[in-house]
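1. structure of the sequence below:
(2 chains)
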There are 2 protein chains.
Amino acid sequence: MFEFVVQQREGRARVAQFHTPRGVVTTPMFMPVGTQGTVKSISPQELSDIGSQMILGNTYHLMLRPGEDLVEAHGGLPGFTAYPGPFLTDSGGFQVMSLGHMRKITEEGVTFKSHLDGSPVHLTPERSIQVQEALGADVIMAFDECPPFPAERDYIQRSLERTIRWLERCLKVKSRSEQALFAIVQGGIHPDLRQQSLDLTLPFETPGFAIGGLAVGESKAEMFPAVSFTAERLPENKPRYLMGVGHPEDLIAGIALGVDMFDCVYPTRTGRFGYALTDDGRLNMNSSAPRRDMRPLDETCDCYACRHYTRAYLAHLLRAEEMLAPRMLSLHNLRYLHHLVERARSAIEQGQFTAWATAWGQRYFKGDLPGWYQTALATGAENTPSSHL
Amino acid sequence: MFEFVVQQREGRARVAQFHTPRGVVTTPMFMPVGTQGTVKSISPQELSDIGSQMILGNTYHLMLRPGEDLVEAHGGLPGFTAYPGPFLTDSGGFQVMSLGHMRKITEEGVTFKSHLDGSPVHLTPERSIQVQEALGADVIMAFDECPPFPAERDYIQRSLERTIRWLERCLKVKSRSEQALFAIVQGGIHPDLRQQSLDLTLPFETPGFAIGGLAVGESKAEMFPAVSFTAERLPENKPRYLMGVGHPEDLIAGIALGVDMFDCVYPTRTGRFGYALTDDGRLNMNSSAPRRDMRPLDETCDCYACRHYTRAYLAHLLRAEEMLAPRMLSLHNLRYLHHLVERARSAIEQGQFTAWATAWGQRYFKGDLPGWYQTALATGAENTPSSHL
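-> Down below sits the predicted model:
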C-alpha cells in the first residue's frame, strides 16, 4: 500500500503510479478541491468523467460543519460525497491561518474563533489527526504551521521547528494503517531554512512529502526556486505534493521540477467568476467578445461544455446569471487542468516534455515566456536525479 | 405531423402519443421550464436521463436576451441549449403581464419596458410569432391576453375577444409548417365566459389547445372547476395543455380531468429554496430534521441524488450554500414529477387511475383529501367522453 512506482523520467519530471487503498492514481496529477464535501457545483460522476483521480477535502471546514462524526457515519468522505475514489485531506492548519479569527498559536496548538459563528475552536496535532481519521481520506496531512508572506526569518525558523514537534505528535496518535500521512516541508523562500526543514523532516520517512508554505503571496520568481530546491532534495521514490498550486503554467513548471501532486481552488473559482482556461490563456467570458462566438470554449477539449455549447451560449448563461454557467465553466476548467497534466505525462513518456512545455508556454504566454518559467524548465531538464546518474 | 393518438382512457384521463418533428412524446407529460434557454442548473443530458420529453422556453426572456437572432443562428433552441428533443415556447404575453413595467395594452399589441434595462419593447401577435419561429420550437403558442385575478367580468370578456383577434393575426403570419400553433382558451373562472372563448376558439381547429388564464392567484377550488369545464369541451383528438400548472396534486387532478400537458417552474424553484417533493409531501431540507437522516430524499426515486446521497449530505450542502444542493434538489423534483406522471399513465393503462390517485392523495395529504381534489377525481371518473359512449 502507498507504493510509488516511477515509470518514466525526463530530467526531473517523472510519471509514476501511486498506490492507495481506493485505487492506483497516475502522477503528475491535479486534485480538485472539495472544501465542504463537494467540488463546487460538480457531481462525482462528472469528476470521474473528466479524469479526476484524487479529491481534496478540507479538515477545517468539515470539522466545523457538518462535523467529522457525520462524515464518519457515512463511511468517510467517499460515502458522504459519493465520490468512490481516493481522497486527500489537509490538516486544517492552513485554513486556520487564512480564515480563523482571533487565532492564538501556542506549542499546544491553535485556538481560534470559527468563521461561521465565532464559537471558540481548539485545533492541535492530535485533534487534526482524529478528525482526518474520521474523514477517512487515503492521504492525510501533518498539522503544520504555515507562516504568512512576508514573515520574519526568525519566525519562519521557530515555526518550522514547531512543525517538526507537531509532526511527531501527529505520527504518535495516528492509528490507521490504511491512511498515509504526508509530512510538510516548510522554510519559506529561504534555501537555508528549507534545508533545515528538510534535515528535520526527512528522517521521519513518511510515505510522501509536501512542499508547504508557498503560494501564499510571494512572486512566482520567488516561489519556483524554493520548489526546485525542495523537490530536488526529496526522495525519488515517494510522491511530492506542492500544496495550493495552481495555475496551468505553475503545474507545468512544477512538473518540470519533479512535483507529482497539485491542488488548487483556481479552476473552479475562476470558472465561477466567468473565466475559461485554454491553451491561449484565460478567456474572459464576461467580456463582449464571446457573445456571438459560435466556437466552443476550446476546440480540443472533450468536456461536456465543449462538446455541447458555443461560447455565445455560455456567455448568455453568464449574463443571465444562470447556475449552469459556473457549473459548465468549472467543469471545463477542471478538465483543462486534468488534460494538461495528461499531455505532460505523455510528453514525459515520449521524452518530449521540455519541448512540449516550451511550445505550450510560447502559445499560452503569446511568445513572451516569463523568466521563472524558462528557468524552471531549464533547471528540470538539466538535473537528472542523482540516484539515476 | 402533430398527430395525437389516444391509446388508453379511464374516464376523462387518457394516455396518448403526440407526434412532433423532434420526436414522439407520451402524454400526460410535465414540461420542465427553461426560461432563459436552460432549465436552471440542469444539463440536457440530465433532462434526458430523468425522462423529460418536451422543454419549455420563454419567448419574452429570450427575445430580450440574448435576442432571437442568436438562438436562430444556433439552429433554434435545440442547437442553442443542446437539448435535442422537442420544445414548446410560450407567446411572451404572460411574462409581459407579470414582469413588464409600464405596460400599455392596445388592439395592436403591448408596449412595455424591459425588466432588464427599462428599454421600450413592443410585442404584437406578429412579433411573437416572428420570435417563436426564430426560436424554432415544435409547439408555439398564440399571443393572448391573460387577465390577472381577480379581474372584472367586462375586462375578461373584452380580453377574450381580443385574444381571438390576436389568434387570427398569429395564424395569418405563421409561416412554418413544422411548428404547431396552439390556441389558448381564456375566460377566467366563469363558465359562461369560458364557453364564449371556446365557441370563438374551437373553429380555428389548431393542432392543440391550451387552457389559459388559470393559476394566476385563484384558489384550487376555483381553478379546477374551470379546468374541468374547459377540458371537457376541447376536442378528444388533440392535446390539452394547462399552462403554468403545477404542484404534484395539481397534475393528478388535471390528468383526472383530461389534461395532457403541464409546465411549471415549481419543481426547480422550490428545489432552489431547499424543498424536496415526495409522496409524503414536501420535505423541508432547511429544517433540522434531515441533518442526521441517513435515508435518501425518496427511497423509491431513481434520480442521481436519491441513488447517491443521504438527506444529511444534501442538508449539509444547503447549509453550506453549495451549488450542488439546488442542482440536486431541482433534479430530484423534476424526476419526481416525471415519475409521478409515468405512474399516472401506468395506472390509466391498467384502468386503476382513480384508485391509484386516491391512494396517492391519501398519503400525500396525510389522510385529509381536499374537496377540490376529490371532486376532480370523481368528475373525471364519471364523465366518459361523449365521443366514446
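2. doesn't A:His19 belong to a helix?
-> No: looking at A:His19 with DSSP: H, G, I helix; E, B strand; the rest coil, it is strand, so not inside a helix.
3. any idea how far it is from chain B?
-> Distance, A:His19 to chain B, using C-beta to the nearest C-beta, to the nearest Å: 26 Å. All C-beta spots, glycine's among them, are computed from the backbone N, C-alpha and C.
4. can you give me phi and psi for the residue most central in space within chain A?
-> By C-alpha atoms, centre = their mean, chain A has its centre lying nearest to A:Asp263, at 1.5 Å. In terms of degrees, to the nearest 10, the main-chain angles of A:Asp263 are phi -150, psi 150.
5. how about the nearest residue to it, chain neighbours excluded?
-> Distance criterion C-beta to C-beta, 6 or more residues apart in numbering or on different chains; nearest residue to A:Asp263, sequence neighbours excluded, is A:Met31 at 4.1 Å.
6. point out where chain A drops to low pLDDT.
-> Across chain A, the ranges flagged by pLDDT under 70 are A:383-389.
7. quickly find the element holding A:Ala305.
-> helix A:304-308 (DSSP states H and E).
8. which strands or helices does that helix pack on?
-> Here helix A:304-308 touches helix A:324-349, going by 3 or more C-beta pairs under 8 Å, 6 or more residues apart in numbering or on different chains; DSSP states H and E.
9. residues in chain A within reach of chain B, list them.
-> Counting by C-beta under 8 Å from any C-beta of the partner chain, chain A comes close to chain B at A:36-38, A:40-45, A:61, A:65-66, A:70, A:73-74, A:80-82, A:291-292, A:294, A:304, A:308-310, A:312-313, A:316-317, A:319-320, A:322-324, A:326-327.
10. 6 Å - rerun?
-> A:36, A:38, A:40-41, A:66, A:70, A:80, A:82, A:308, A:313, A:316, A:320, A:322-324 (C-beta under 6 Å from any C-beta of the partner chain).
11. report the contact partners of the residue in the stretch 51-200 of chain A positioned nearest to chain B.
-> Taking C-beta to the nearest C-beta, chain B has its nearest neighbour within the stretch 51-200 of chain A at A:Ala82, 3.9 Å off. The contact partners of A:Ala82, by C-beta atoms under 6 Å, 6 or more residues apart in numbering or on different chains, come to A:Pro44, B:His308.
12. look up the closest residue to the residue in chain A sticking out farthest from the centre, ignoring the ones flanking it.
-> Largest separation from the mean C-alpha position in chain A: A:Arg292, at 35.3 Å (C-alpha atoms, centre = their mean). Leaving out its chain neighbours, the residue that sits closest to A:Arg292 by C-beta to C-beta, 6+ apart is A:Ala312, at 5.5 Å.
13. identify the residues contacting the one you found.
-> A:Arg291, A:Arg292, A:Asp293.
14. residues near the last one, how many?
-> Which is A:Asp293. Residues lying near A:Asp293 (other C-beta atoms under 10 Å in any protein chain shown) number 16.
15. list the contacts for the closest residue to it other than its chain neighbours?
-> Leaving aside its sequence neighbours, A:Asp293 sits nearest to A:Arg311 (C-beta to C-beta, 6+ apart; 4.0 Å). Neighbour list for A:Arg311: A:Pro290, A:Asp293, A:Arg295 [criterion: C-beta under 6 Å, 6+ apart].
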